[in-house]
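Participant: Predicted model and sequence below, questions to follow.
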Amino acid sequence: MLEQPALFTLQDVFALLNVGIAQAGGNNAFARKHGVHKTTVSNWANTNRHVSDALLDILDLERVTLYRPKKALQNGQGAHNG
């Protein structure tokens, strides 16, 4: 049986970032280690900036897109084509 890949919520991504910042010794050390500006790290840490490709690369993550039925479909109502 194939194992499902791990999926992370946005909260999980920021938790990983916070662990990385702590392990590096703070925002400035994390910024130096990964070659990004310290203000960028601060904005990421304070969720003032969207998750960028640079942050995903640093955290060794990739962006995926998922789709699910709207709530109406989950309640057994018909689907709409369009």
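Facilitator: Thanks, I have it.

Participant: Now do the SS call for residue 69.
Facilitator: Using DSSP: H, G, I helix; E, B strand; the rest coil, the structure places residue 69 in coil.

Participant: So in this structure, where's the weakest helix or strand by average pLDDT?
Facilitator: Across the helices and strands of the chain, mean pLDDT, DSSP states H and E gives its lowest value to helix 71-74, namely a mean of 65.

Participant: same question for the lengthiest helix in the chain, mean pLDDT?
Facilitator: In the chain, with assignment by DSSP state H, the single longest helix is helix 10-24. Per-residue pLDDT values over helix 10-24 give a mean of 95.

Participant: tell me which residues of that helix are tucked away?
Facilitator: Neighbour counts over helix 10-24 (16 or more other C-beta atoms under 10 Å) mark 13-14, 16-17, 20-21, 24 as buried. Bear in mind the C-beta positions are built from the backbone N, C-alpha and C, glycine included.

Participant: go on, stretch 45-63?
Facilitator: Under the neighbour-count criterion of 16+ other C-beta under 10 Å, stretch 45-63 has 45, 51, 55, 58-59, 61 buried.

Participant: and which of those is nearest residue 8?
Facilitator: Nearest to residue 8 among these, counting by C-beta to C-beta, is residue 61 at 6.8 Å.

Participant: What pLDDT does the model give residue 64?
Facilitator: Turning to residue 64, the model gives it a pLDDT of 92.

Participant: what's the helix or strand for it?
Facilitator: Assessed by DSSP states H and E, residue 64 sits outside every helix and strand.

Participant: Right, I'll call it a day here.
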